[in-house]
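> Okay, sequence plus prediction incoming.
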Amino acid sequence: MRPQLIDWESGIPYIGRVVIPSYFFLLALAFGLSLYLSRREARRTDLNVVKITDMWVYLVIFAMIGSRLAHVLFDGMLGDYILLCTNPQALPAVGLENRSCVNDSQCRLGDISYLCSLAHGKCHPPRDCLAPFRGWQGGLTYYGGFLSAMLFAYVFVKRHRLQWGKVLDIYGFLLPLGLTFGRIGCYLNGCCFGKTTDASWAAVFPSGSLASWQQYREGLLTTANLPSLPVHPTQIYQAFTNLTIFFIVYLFVRPRKKFHGQVMIAFLGLYSLGRFFFEFFRADMRGSWLFLSTSQIISLLVVLVALYFYRSLARSRNIASETV
C-alpha cells in the first residue's frame, strides 16, 4: 500500500510540499495511453480523429462524475459523508477510536490531525463538506462511470453522425486496459480490499488503512490503529483479469470481429462475469441487496444485455449477408 506515489518537501518558495496520489497518477497514465490508442484506432477505422479526441475528453469528465456519484450514493457511505459535513463529532477518528482526549494535540495520528470533542472527550475528523467530490483520492464505482459515459457517447455519436459500432469497439479494448491501471491504483490506495484469508499470497494493509477500519467495525480488530488481518488482494485479482480481457479482445476479437460492436460486447460479457465472481471475495463497504452486492446485480444485467445484443447483431449480419 502506497497512497502517495510522491510526497516531497521541496523547500522551494511558493511550491513547498509536492504530493502526487498513486491512484490519481495511475488514472492519469491510463487516460493518456487510452487517448493515444483511441486516436490510432480512429485513423485505422476511418473515423474522424478530431471528433474522437473531443469525445474522449468529454467521456473522461462524465465517467469521473458518474463513478464518483455512484460511489457516494450506492456504496454504503452516504451517511458518513453527510455526517462529515453536518455533525463530524458523531464520527470516530480512524485509528483513535479508543483514545480519550482533552485537546486537539492529543488527536494527531502521523500526518493526520483530528479534533477533540470536549463534550464527548473523543477524537473526531474535522468538518469536511467537500469530501464527496474528491474522487482523485479513491472511491470510484466503475458501473456508474460506464453508464454516464455511454449515455453521453450515444448522444455525441448521433449528433456528429459517427459510426456507433466502430466507436464502441474502440472503447471495448480501452476500458479493460484502463481498469487494469485503476485496480493497481486501488491496491496502492488500500481500497477495494478482500475478505480475510490464510492464503500465502494474502495482503496485509498498514494501521489506519481502510481494511483495518472495516475489520475494526466488524469486531475483528480491537482498534483500527493496527495492521489489518491478511486479506485477499482482490485488486490484483481484478487487475490481472482486466489485463487478460484486454489481450483477448484486442488481439483475438478485434481482428476477427464479424460485426461492429462485437469488441465492446465481448468486453462487457467477460468483465461482468469476472466482476460477479470476484465480488464474493471483497470485504470493503459496498451497497447490497439480499446476498448480492450492487455491482453483482448490475453485472448479471449487463451479461444478459450483452448476450441479447450479440444475438441481435449477429442475426442482422447474417440476414444482410443472405440478402446480398
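Great, that's in hand.
> Look at the residue most central in space within the chain and report its pLDDT.
With distances taken as CA atoms, centre = their mean, the residue of the chain nearest its centroid is Leu140 (4.1 Å). Model confidence at Leu140, given as pLDDT, is 72.
> And Leu168, its phi and psi?
With angles defined as degrees, to the nearest 10, Leu168 sits at phi -60, psi -40.
> Okay, it and Ala266: tell me how far apart.
Using CB to CB, to the nearest Å, one gets 11 Å for the distance from Leu168 to Ala266. Where C-beta positions appear, they are placed from N, C-alpha and C, glycine not excepted.
> so who does Ala266 touch?
Under the criterion of CB atoms under 8 Å, 6 or more residues apart in numbering, the contact list for Ala266 reads Gly172, Ile248, Val249, Val253.
> What average pLDDT does the helix or strand harbouring it get?
Assigned by DSSP states H and E, Ala266 falls within helix 262-278. Averaged across helix 262-278, the pLDDT comes to 93.
> Over to stretch 226-233?
The average pLDDT for stretch 226-233 rounds to 92.
> Going forward, the N-terminal residue is numbered 758.
Will do, 758 is the new start, and the previous item becomes stretch 983-990.
> Would you mark the buried spots in it?
Within stretch 983-990, the residues scored as buried using 16 or more other CB atoms under 10 Å are Leu983, Ser985, Leu986, Pro987, Val988, His989, Pro990.
> what would those residues look like in a markdown table with distance to Pro845 and secondary structure?
As requested, the buried residues of stretch 983-990 are exported to a markdown table (distance: CB to CB, whole Å; DSSP: H, G, I helix; E, B strand; the rest coil):
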| residue | distance to Pro845 | secondary structure |
| --- | --- | --- |
| Leu983 | 23 | coil |
| Ser985 | 24 | coil |
| Leu986 | 28 | coil |
| Pro987 | 32 | coil |
| Val988 | 28 | strand |
| His989 | 32 | coil |
| Pro990 | 32 | coil |
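> that older thread, which residues does the residue nearest to the residue nearest to the centre of the chain when sequence neighbours are not counted contact?
Counting by CB to CB, 6 or more residues apart in numbering, Leu897 lies nearest to Ser824, which is 4.0 Å off, once chain neighbours are set aside. Shown in contact with Ser824 (CB under 8 Å, 6+ apart): Gly892, Leu897, Thr898, Tyr899, Gly901, Gly902, Phe903, Ser905.
> Show me which pair in those is furthest apart.
Of all pairs drawn from these, the widest gap by CB to CB lies between Gly892 and Phe903 and measures 14.9 Å.
> sorry, back to before: how close does the residue nearest to Leu897 get to Asn999?
Ser824 sits 15 Å away from Asn999, taking CB to CB as the criterion.
> With Val988 instead?
The value you get for Val988 to Asn999, if CB to CB is used, is 20 Å.
> who's in contact with stretch 798-815?
Against stretch 798-815 from outside (CB under 8 Å, 6+ apart): 791-792, 795-796, 909-910, 913-914, 917, 919-920, 923-924, 926-927.
> Asp837: which of those residues is nearest?
Proximity of the contacts of stretch 798-815 to Asp837 was ranked by CB to CB; the top entry is Phe909 with 29.2 Å.
> Per-residue pLDDT of the closest one, please?
91.
> Leaving out sequence neighbours, find the closest residue to it.
For Phe909, the nearest residue in space outside its immediate sequence neighbours is Phe819; the separation is 4.6 Å by CB to CB, 6+ apart.
> So the one you found sits against Leu904, correct?
No: counting by CB atoms under 8 Å, no contact exists between Phe819 and Leu904, whose distance comes to 9.6 Å.
> picking that back up, what's the closest of the buried residues of stretch 983-990 to Ser1029?
Nearest to Ser1029 out of the buried residues of stretch 983-990 is His989 (CB to CB; 19.8 Å).
> ok, how many other residues are close to Arg1013?
Using other CB atoms under 10 Å, Arg1013 is surrounded by 8 other residues.
> ditto for Thr898
Based on other CB under 10 Å, the number of other residues close to Thr898 is 23.
> Any chance you could give me stretch 1059-1075 in CSV, C-alpha atoms only?
What follows is the C-alpha trace of stretch 1059-1075 in CSV, where atoms were taken according to Å, rounded to 0.1, in the frame of the first residue of the first chain:
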residue,chain,number,x,y,z
VAL,A,1059,-25.0,-6.5,-18.2
VAL,A,1060,-24.3,-10.1,-19.2
LEU,A,1061,-27.9,-10.5,-20.3
VAL,A,1062,-27.8,-7.3,-22.3
ALA,A,1063,-24.5,-8.3,-23.9
LEU,A,1064,-26.0,-11.7,-24.9
TYR,A,1065,-29.1,-10.0,-26.3
PHE,A,1066,-27.1,-7.6,-28.5
TYR,A,1067,-24.7,-10.3,-29.6
ARG,A,1068,-27.5,-12.5,-30.9
SER,A,1069,-29.4,-9.5,-32.4
LEU,A,1070,-26.4,-8.0,-34.2
ALA,A,1071,-25.1,-11.4,-35.4
ARG,A,1072,-28.6,-12.3,-36.7
SER,A,1073,-28.8,-8.9,-38.5
ARG,A,1074,-25.4,-9.5,-40.1
ASN,A,1075,-26.5,-13.0,-41.3
